[in-house]
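Chemist: fold the following.
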Amino acid sequence: MAELRAVSYHEAGHCVTALTIGCPVHAIAIAPCCGEQRLGELTVTFSKNKVRAATEATMVTLAGSIAQLKACPGSLRGEDVDLEIAYDAATYLASNPQSFIELMRFRTNKLIERRWRSVEVIAAALLRRGNLTGQEIETLVRF
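Modeler: This is a model prediction of the structure:
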């Protein structure tokens, strides 16, 4: 149950950040992977502008771990893949990707703090139902 809770907060962090920065979220889900392990999945549309899309992708991917660690301190699942995606996006934007990632991590942390109640609402619904459509998410939280 602790792993499922961590995954739900992780995915809720991605979702809330995407919505806050203006990216449409189409669906969010927790799916079985291998045995008891669970994986989260977010379907989101980023901007058609490549620079903006890379910035959005960096923030959205970093948000999962930020929300997960706030709700479930000490849990580390899922961070490796997200950091790889964030690094790839940051490489497109900055000559020093690591510095850019740290700046985006700071901004994303502030965003998660401001929208924490929305993260909790989405995580709770995801725990109960396993998946949510974009329309269902919009009825739960307003941006």
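Chemist: residue ranges with poor pLDDT in the chain?
Modeler: The chain contains residues with pLDDT under 70 at 1, 32-38, 76-79.
Chemist: for residue 46, see how far away the residue in it sticking out farthest from the centre is.
Modeler: Centroid-distance maximum for the chain: residue 95 at 24.6 Å, with C-alpha atoms, centre = their mean. Per C-beta to C-beta, to the nearest Å, residue 95 is found 22 Å from residue 46. Where you see a C-beta, it was placed from the backbone N, CA and C, and this is true even at glycine.
Chemist: go on, residue 140?
Modeler: Distance from residue 140 to residue 46, by C-beta to C-beta: 22 Å.
Chemist: same drill for these two, tell me which one is more crowded.
Modeler: residue 46 (19 against 14; other C-beta atoms under 10 Å).
Chemist: distance check, that one against residue 106.
Modeler: When residue 46 is compared with residue 106 (using C-beta to C-beta), they lie 21 Å apart.
Chemist: and if you look at residue 91?
Modeler: Distance from residue 91 to residue 106, by C-beta to C-beta: 19 Å.
Chemist: higher neighbour count, the two?
Modeler: residue 91 (15 against 11).
Chemist: tell me the contacts of the residue nearest to the more buried one when sequence neighbours are not counted?
Modeler: Excluding the flanking residues, the one nearest residue 91 by C-beta to C-beta, 6 or more residues apart in numbering is residue 97, at 4.7 Å. Shown in contact with residue 97 (C-beta atoms under 8 Å, 6 or more residues apart in numbering): 87, 90, 91.
Chemist: and the one helix or strand residue 10 maps to, what does it pack onto?
Modeler: Taking DSSP states H and E as the criterion, the element that holds residue 10 is helix 2-20. Using 3 or more C-beta pairs under 8 Å, 6 or more residues apart in numbering; DSSP states H and E, the elements in contact with helix 2-20 are strand 25-32, strand 38-44, helix 50-71, helix 97-114, helix 116-129.
Chemist: residue 104 and residue 86 touch, don't they?
Modeler: Yes. At 7.3 Å, residue 104 counts as touching residue 86 under the criterion of C-beta atoms under 8 Å.
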